[in-house]
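Student: Here is my input; please provide its structure:
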Amino acid sequence: MDESGESGKPQRPRESGGGLLMGRPFGVPVYVAPSWFLVAALITWVFGEQLERVLPELGGLRYLVSLFFAVAFYGSVLVHELAHTVAALRFKLPVRRIQLQFFGGVSEIEKESETPGREFVLAFVGPLLSLVLSGVFYVAMQAVEPGTVPGVLLAGLMISNLIVAAFNLLPGLPLDGGRMLRAVVWKISGKPMTGTIAAAWTGRALAVTVLIGLPLVTQTGLLGRSPEEISGLDTITDALLAAILAAIIWTGAGNSLRMARLREHLPDLRARALTRRAVPVQSDTPLSEALRRANEAGARALVVVDGQGEPTAVVREAAIAGVPEHRRPWVAVSGLAQDLKPGMRVSAELSGEELLDTLRATPATEYLVVEETGEIYGVLSTADVERAFVAAMARPSS
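Tutor: Here you go, the predicted structure:
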């Protein structure tokens, strides 16, 4: 499965926070999350117990074989994610990273596909590669002796890739099948948000189905075990697995809805509309005098300028609030200002994702907003941007 964008407030995750860096195929960093080691240990133990029944002569070596299987299985998951990555790069969609984690992997694609057709292809290539891998392992099985270590490993990899493909083709977000369903509804309705809503709610229904249906299916013996062979521990394990899978699907579907609302409302964030008008003042101007000028001009911010009228600093709102009123005639604005650094000048024409990217690149509490001619337009406060962002997210989708 793969996902794009971020959830919650518009913050870009740090690339270094993804776990253990394994490499950069196609220039995209691949990380192994700490949760992967827990799953690898679980797979090693479960597959090792199965090997004890199939190849009892291995003894303790069965766990070494099982560990190899766990690594090879996640290698297949990596191929699945690389398929998404190559397709995204082919469509000129930037990929932040690939992360192998609990129950699979995630390709973090930073932008949405421009057309439903590209969205469908981008989602389908992952399960397609898993199906191809399953076929490759099946062909390789024919060249080895059944009942041997290579034969059992190849059979396990064939079945596991088939399961990965089938699971990801289920029609609900955040799975690849959900993205395919989203693309189809998007194509029919002409609205990407409509596709997201349909696929997300299908994903939530799928989560409930997995939570209830998976334990029932295993208890009835439809997965190859008779009810007499199922122990109490098996029942607990199946219920726990179903709960984890359902939680992952439900949470992913909810995140997909939030991300869709974010993308839909991003154009509402416009630098010009959010900017506070400002008055220019010299660095030695007393704070009380600067505030008087701002009140007369109907401005809500102060910009420090040099003798030629060029802006050099922005007076911080929090610093002004921290000065008692009786001291303001004796405090110069220079002591409350933040020097303008590269990146703190923002064009008044910026909006949406471009505006957020500009603010992320140079974190600050206030920014100088300028016209295309370089003329001072005002001051943009990150607090105002955050409030506008929250308000936009709270509005119902169109």
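
Student: Helices along this structure, start to end?
Tutor: 34-54, 62-90, 116-141, 149-168, 176-189, 192-219, 232-265, 271-274, 287-297, 317-321, 352-361, 382-394 (DSSP state H).

Student: Please identify the buried residues of the longest one?
Tutor: Along helix 232-265, these residues count as buried under the neighbour rule (16 or more other CB atoms under 10 Å): 238, 242, 245-246, 248-250, 252-257, 259-265. Where C-beta positions appear, they are placed from N, C-alpha and C, glycine not excepted.

Student: ranking the helices of the chain by burial, who's on top?
Tutor: helix 176-189 (a mean of 23; mean count of other CB atoms under 10 Å).

Student: now it, how far from the chain's geometric center?
Tutor: 19 Å (CA atoms, centre = their mean, to the nearest Å).

Student: Check which helices and strands it sits against.
Tutor: helix 116-141, helix 192-219 (3 or more CB pairs under 8 Å, 6 or more residues apart in numbering; DSSP states H and E).

Student: relative to helix 116-141, how tilted is it?
Tutor: Per axes from the mean of the first three to the mean of the last three CA atoms, to 10 degrees, the angle that helix 176-189 makes with helix 116-141 is 150 degrees.

Student: Residues contacting helix 176-189, please?
Tutor: 1-2, 113, 116-117, 119-120, 122-124, 126-127, 168-173, 192, 194-196, 198-200, 202-203, 253, 256 (CB atoms under 8 Å, 6 or more residues apart in numbering).

Student: now swap in stretch 325-337 and tell me
Tutor: Contacts for stretch 325-337 (CB under 8 Å, 6+ apart): 281, 283-291, 302, 304, 312-316, 319-320, 323.

Student: pLDDT averaged over it, what's the number?
Tutor: What stretch 325-337 shows for mean pLDDT is 93.

Student: same thing with stretch 91-99?
Tutor: Mean predicted confidence for stretch 91-99 is 92.

Student: List the buried residues in it.
Tutor: 91, 93, 95, 96, 97, 98, 99.

Student: Tabulate the helices and strands packed on helix 176-189 in a markdown table, adding columns for mean pLDDT and distance to residue 151.
Tutor: Shown next, in a markdown table, are these (pLDDT from 0 to 100; distance: least, CB to CB, whole Å):
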| stretch | mean pLDDT | distance to residue 151 |
| --- | --- | --- |
| helix 116-141 | 96 | 6 |
| helix 192-219 | 88 | 26 |
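
Student: As TSV, those helices with distance to residue 67 would be great.
Tutor: Listed next are the helices and strands packed on helix 176-189 as TSV, based on distance: least, CB to CB, whole Å:
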stretch	distance to residue 67
helix 116-141	18
helix 192-219	25
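
Student: quick one: residue 305 and residue 286, what's the gap?
Tutor: Distance, residue 305 to residue 286, using CB to CB, to the nearest Å: 16 Å.

Student: do the same with residue 321
Tutor: From residue 321 over to residue 286 (counting by CB to CB), the distance is 17 Å.

Student: got it, and residue 243?
Tutor: Counting by CB to CB - residue 243 and residue 286 are separated by 64 Å.

Student: and what of residue 39?
Tutor: 64 Å.

Student: which residues does residue 48 contact?
Tutor: 62, 63, 65, 66.

Student: where does the stretch 151-300 of the chain have low pLDDT?
Tutor: Within the stretch 151-300 of the chain, the segments meeting pLDDT under 70 span 218-235.

Student: let's see 50
Tutor: For the stretch 151-300 of the chain, no stretch is flagged by pLDDT under 50.

Student: Looks like residue 367 contacts residue 346 (just checking).
Tutor: Yes - using CB atoms under 8 Å, residue 367 is in contact with residue 346, at 4.6 Å.

Student: what touches both of those two?
Tutor: Contacts common to residue 367 and residue 346, judged by CB under 8 Å, 6+ apart, are 359, 380.

Student: okay, the two: which has more neighbours?
Tutor: residue 367 (25 against 22; other CB atoms under 10 Å).

Student: Bridging across strands, which residues link to the more buried one?
Tutor: In this entry, residue 367 is beta-bridged to residue 380, by DSSP bridges.

Student: Begin at 4, not 1, for the rest of this chat.
Tutor: I'll keep to 4 as the first residue from here, and by that count the last item is residue 370.

Student: Could I get the pLDDT score of it?
Tutor: 94.

Student: Might you report the residue contacts of it?
Tutor: 317, 347, 348, 349, 362, 382, 383, 385.

Student: Could you give the number of residues near the third one?
Tutor: To tie it back to what came earlier, the one meant is residue 348. Residues near residue 348, counting by other CB under 10 Å: 16.

Student: measure the residue nearest to it when sequence neighbours are not counted to residue 244 for me?
Tutor: Leaving aside its sequence neighbours, residue 348 sits nearest to residue 371 (CB to CB, 6 or more residues apart in numbering; 5.2 Å). Applying CB to CB, the value for residue 371 to residue 244 is 54 Å.

Student: rewinding a little: nearest to residue 164, of the buried residues of stretch 94-102?
Tutor: Compare each of the buried residues of stretch 94-102 with residue 164 using CB to CB and the shortest gap goes to residue 101, at 17.5 Å.

Student: Tell me the spacing between the closest one and residue 266.
Tutor: Taken as CB to CB, the span from residue 101 to residue 266 is 22 Å.

Student: Kindly report the same for residue 342.
Tutor: Taking CB to CB, one finds residue 342 at 35 Å from residue 266.

Student: do residue 33 as well
Tutor: 26 Å.

Student: Now the two most distant members of the contacts of residue 51.
Tutor: Once CB to CB is applied, the contacts of residue 51 give 66 and 68 as the farthest pair, at 7.2 Å.

Student: which residues does the spatially closest residue to residue 99 that is not a sequence neighbour form a beta bridge with?
Tutor: Nearest-residue entry for residue 99: residue 111, 4.2 Å, with adjacent residues in sequence omitted and distances by CB to CB, 6+ apart. Beta-bridge partners for residue 111, by DSSP bridges, are residue 6, residue 100.
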